[in-house]
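Chemist: Here is my input; please provide its structure:
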Amino acid sequence: MLMVPAMLLAKDAGTRDVFRVGQAEFSSPTEFTVSLQVIHDEDVAAMDIPLSFSKGVTLNSVTFEGTAVKEFDEKIARIDNEKNQLVIGLIGMVYSLKENANLKPAPTGNNTIAVLHFTLNDLNLKSLEITPFSNADPKHELMYVYNEWVNGVPHVQSLNPEVQGGTIALDSRTPAASLPTEFALSQNVPNPFNPNTVVEYALPKDAQVNLSVYNVLGQHVKTLVDDMQRAGKQSVSWDGTDNSGSTVASGVYFYKLRAGDFSDTKKMLLLK
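Modeler: Residues are numbered from 1 along each chain as shown. Now for the predicted structure:
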């Protein structure tokens, strides 16, 4: 294994190097990705990227497939969701000498080096902060490593890039075309049922949702949903039990949806 020699903090004589945090790309109302990009004019041999991120999300994984560093020998991502921290380590050449071991500057400016895969847990979270942090033990600092050639001899240098982005809007959680255009409560399926049935409803925007079951006397039987929910199509099942877990009798029941200012009630029939 090749060892990286001691590094000197260099003053970048060329274009200011940049570390950029991209925008959220949602694949569903709860799942999204954020890309990490670098702009540089040196041939970068390694990177140390320690990041903190906001509470209210879970960082599930970091992927490097299809990025500019996919051929690097070492691509390490250590995720700590308890501390809301991530440390990425990238080294172009470790195991043996090879050509094109360094990351070349991109003709378009940006090199994507990693993709972060998140789950959004806090429905009220409007933006996500991703910022670098420094750590003394073990030592971590946002850093690009490169070789500066002097009289044909490489000298390992490092620099601290400028940080761009980091405040990521989470307002557009799904493509607008895929969201319902209005609140709606569907007829339960199957109906009549014994003992399970499914209720579907549509939310054109995030809303506080209460979905409850009542008997023919108007008495509350079961709360199916009482929570803040994301825009989109939602569903919940009822197994014919009340809030205490006891099985209810056959007969007509009503289920009522309240979502923001919207309210609707439908009838269902339990047959045993």
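Chemist: Surely Ala207 is in contact with Ala259?
Modeler: Yes: using Cβ atoms under 8 Å, Ala207 is in contact with Ala259, at 4.3 Å. Every C-beta, even on glycine, is put in place using the N, C-alpha and C of the backbone.
Chemist: shared neighbours of these two, anything?
Modeler: Residues touching both Ala207 and Ala259 by Cβ atoms under 8 Å, 6 or more residues apart in numbering: 183, 229.
Chemist: Looking at those two, which is more packed in?
Modeler: Ala259 (24 against 18; other Cβ atoms under 10 Å).
Chemist: List the residues that contact the more buried one.
Modeler: 183, 201, 203, 207-210, 229.
Chemist: Make JSON lines from the residues you listed and add pLDDT, secondary structure and distance to Lys272 to it.
Modeler: Listed next are the contacts of Ala259 as JSON lines, based on pLDDT from 0 to 100; DSSP: H, G, I helix; E, B strand; the rest coil; distance: Cβ to Cβ, whole Å:
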{"residue": "Phe183", "pLDDT": "96", "secondary structure": "coil", "distance to Lys272": "32"}
{"residue": "Tyr201", "pLDDT": "96", "secondary structure": "strand", "distance to Lys272": "26"}
{"residue": "Leu203", "pLDDT": "92", "secondary structure": "strand", "distance to Lys272": "33"}
{"residue": "Ala207", "pLDDT": "89", "secondary structure": "strand", "distance to Lys272": "34"}
{"residue": "Gln208", "pLDDT": "92", "secondary structure": "strand", "distance to Lys272": "34"}
{"residue": "Val209", "pLDDT": "95", "secondary structure": "strand", "distance to Lys272": "29"}
{"residue": "Asn210", "pLDDT": "97", "secondary structure": "strand", "distance to Lys272": "27"}
{"residue": "Gln229", "pLDDT": "86", "secondary structure": "strand", "distance to Lys272": "31"}
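Chemist: Now a ChimeraX select for only the buried ones of those residues.
Modeler: Command for ChimeraX that selects the buried part of those, burial taken from 16 or more other Cβ atoms under 10 Å:
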select :183,201,203,207,209,229
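Chemist: from the contacts of Ala259, which single one is nearest Gly92?
Modeler: Using Cβ to Cβ, Gln229 is the member of the contacts of Ala259 that lies nearest Gly92, at 45.3 Å.
Chemist: Name whatever forms a beta bridge with the residue lying closest to that closest one once chain neighbours are set aside.
Modeler: Computed as Cβ to Cβ, 6 or more residues apart in numbering, the closest residue to Gln229 that is not its neighbour in sequence is Val209, at 4.7 Å. Counting by DSSP bridges, Val209 is bridged to Asp227, Ala259.
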